[in-house]
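# Build the 3D model from these lines:
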Amino acid sequence: MKESVVSALQRGFSVPIRDPLWGHIYLTPALASLTESIPFMRLCRIFQLGPAYCVYPGATHTRASHSIGVYHLARRLLISLCEKGASWLSPRGALSFLCAALLHDLGHFPYTHSLKELALEDHETLSAGIILSESVKNLINTAGGDPEFTAAIIDKKNGGKNHNTELHFYRRILSGVLDPDKLDYLNRDARYCGVPYGAQDVDFIYSRLFPHPERGVEIDSRGIPSVESILFSKYLMYRTVYWHRQVRAATAMIKKALLAGLEQRIIAAEELYNLDDQGLFALMTAKQESFPSFSLAMRVREGNLYAESASFSYSDDEKHLECIEKRRVREAALAEELSGALGKTIDADSIIIDVPEPVSFETDLFVRDENCTFGESSSAFKKSAVEAFVRSLRTVRIFTASPLNIPKGILQNCKNGLHLKKE
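So this is what the prediction gives:
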């Protein structure tokens, strides 16, 4: 008799892991072996929120604990969707999806998003590469999954050998409005930071989700408040935690040092792959005597962060500040202008212009009983409200090695791009 997907998701899950957020999480012995592999153990040495501990000392949870939480929620979600009629799924595909949920961050860079704007491979592509390495590949096969299918779920650049309904479905539910990744990190990050903003009612959310072969999942109108809660929680977490000014300062300092090192070939991109937090700092501190820009890493480790000397809301007029390589040129120009205006030498390494990347608030979830998308539904979160969220979050900051009083005229030049002639 052919095994059902629900049976495949329930049989042999006998190895418990105790998680402070979700309680006991059960894995099969083969899935548990994946959490003991060398690539996964690296995630135990990467803080989920990087420098957020500078502001919230409890924020020392790791990428590993997050990944196990995502796996747990993915398994619960898949069982629920199968029981509601996801007949197009296969047992091997379902186990491949569990492996993808567990391993989705294998290629993640250290120190949260400090490396995000640099000219590096996407971490999803790196994750897929690690999954297809011999050691991890064999473990996935033993766990009942298909390594190539697992890699294709994570890395959308990878078409996979079976680009079919099942693959599309798994991609949609691993990355979407109500995906297991978001539900874990919002709850987990809020718990460890000690803030009340991220808590979500996962049991109720899953009760209002229904499978769809093309859309992944749909909700009914009773689930609309849950989506509203997630959108508002994400907004508040970005505002108070992820993009707190001191977190942005620490991230920007590491990013500036690494960009300089890459541009001047002090380090190669390949050296940054497969590092943990300690390894990233060790790489920079070992070279700081010959390359002083790397001394920024020691400042961050010691909590000696740059000060916020100016800030302004991002608008389309500041698009010229989005490119990180061009920002370095503008930082040098700003340092020159400030040196003249303040009558003292301001080094280019002492200035950082920080521009948060665009953040998305996914609202394309379909409301089945209203026959429309969430953005068109009876929710208070219309498209204009979501756009207002994004605008209010993006604050451009000028960080300096020590507090500076930046004259209004120079600040306006920076905002308007008037010193681009110095490029």
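# Give me the buried positions along the longest helix along the chain.
Determined from DSSP state H, the single longest helix within the chain is helix 63-83. Of the residues in helix 63-83, 63-82 count as buried by neighbour count, 16 or more other CB atoms under 10 Å. Glycine gets a C-beta too; all of them are placed from N, C-alpha and C.
# What's the first helix or strand after it?
Beyond helix 63-83 on the C-terminal side, the first helix or strand identified by DSSP states H and E is helix 91-103.
# related to what we said a few turns ago, between the longest helix of the chain and helix 91-103, how many degrees?
150 degrees (axes from the mean of the first three to the mean of the last three CA atoms, to 10 degrees).
# Mind jotting down where the strands sit in this structure?
Secondary structure of the chain (DSSP state E): strands located at 15-19, 23-27, 209-212, 216-219, 307-313, 351-354, 366-367, 372-373, 395-400.
# what would these look like in a markdown table with mean pLDDT?
Below are these laid out as a markdown table (pLDDT from 0 to 100):
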| stretch | mean pLDDT |
| --- | --- |
| strand 15-19 | 98 |
| strand 23-27 | 98 |
| strand 209-212 | 96 |
| strand 216-219 | 96 |
| strand 307-313 | 91 |
| strand 351-354 | 94 |
| strand 366-367 | 94 |
| strand 372-373 | 92 |
| strand 395-400 | 94 |
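# okay, how far is it across stretch 148-164, tip to tip?
One end of stretch 148-164 to the other measures 13 Å (CA to CA, to the nearest Å).
# circling back: ranking the strands of the chain by mean neighbour count, which comes first?
strand 351-354 (a mean of 24; mean count of other CB atoms under 10 Å).
# Just the CA atoms of that strand, as PDB, please.
C-alpha atoms of strand 351-354 as PDB (Å, rounded to 0.1, in the frame of the first residue of the first chain):
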ATOM      1  CA  ILE A 351      32.100  58.700   8.200                       C
ATOM      2  CA  ILE A 352      29.400  56.200   7.300                       C
ATOM      3  CA  ILE A 353      26.200  56.900   5.300                       C
ATOM      4  CA  ASP A 354      23.800  54.200   6.100                       C
END
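# out of the strands of the chain, nearest to Ala8?
Evaluated over those, closeness to Ala8 peaks at strand 23-27, with 13.6 Å, by CB to CB.
# The closest one pairs with which strands, and in what direction?
In the sheet, strand 23-27 lines up against strand 15-19 (antiparallel) (DSSP bridges).
# what does the strand it pairs with contact?
Outside of strand 15-19, the residues within contact range by CB atoms under 8 Å, 6 or more residues apart in numbering are 24-29, 31-32, 35, 65, 68-69, 72.
# so which of the strands of the chain comes closest to Glu124?
Going by CB to CB, the one of the strands of the chain nearest Glu124 is strand 216-219, 17.4 Å.
# Just give the strands next to that closest one in its sheet, each with its orientation.
Counting by DSSP bridges, strand 216-219 is paired with strand 209-212 (antiparallel), strand 366-367 (parallel).
# starting at the chain centroid, how far to the shortest one?
Right, the one you point to is strand 366-367. Put simply, strand 366-367 sits 25 Å off its chain's centre (CA atoms, centre = their mean, to the nearest Å).
# Residues in contact with it: which ones?
By CB under 8 Å, 6+ apart, the list of residues contacting strand 366-367 from outside reads His212, Arg215, Glu218, Ile219, Asp220, Ser221, Gly223, Ile224, Cys372, Thr373, Phe374, Ser377.
# do that again at 10 Å, thanks
For strand 366-367, the external contacting residues (CB atoms under 10 Å, 6 or more residues apart in numbering) are 210, 212, 214-224, 227, 372-379.
# Check stretch 129-139 too.
Applying CB under 10 Å, 6+ apart, the set of residues contacting stretch 129-139 from outside is 30-31, 33-40, 42, 99-100, 103-104, 106-107, 121, 127, 140, 145-148, 150-155, 158, 273-274.
# Check the separation of the first and last residues in that stretch.
Start and end residues of stretch 129-139 are separated by 14 Å (CA to CA).
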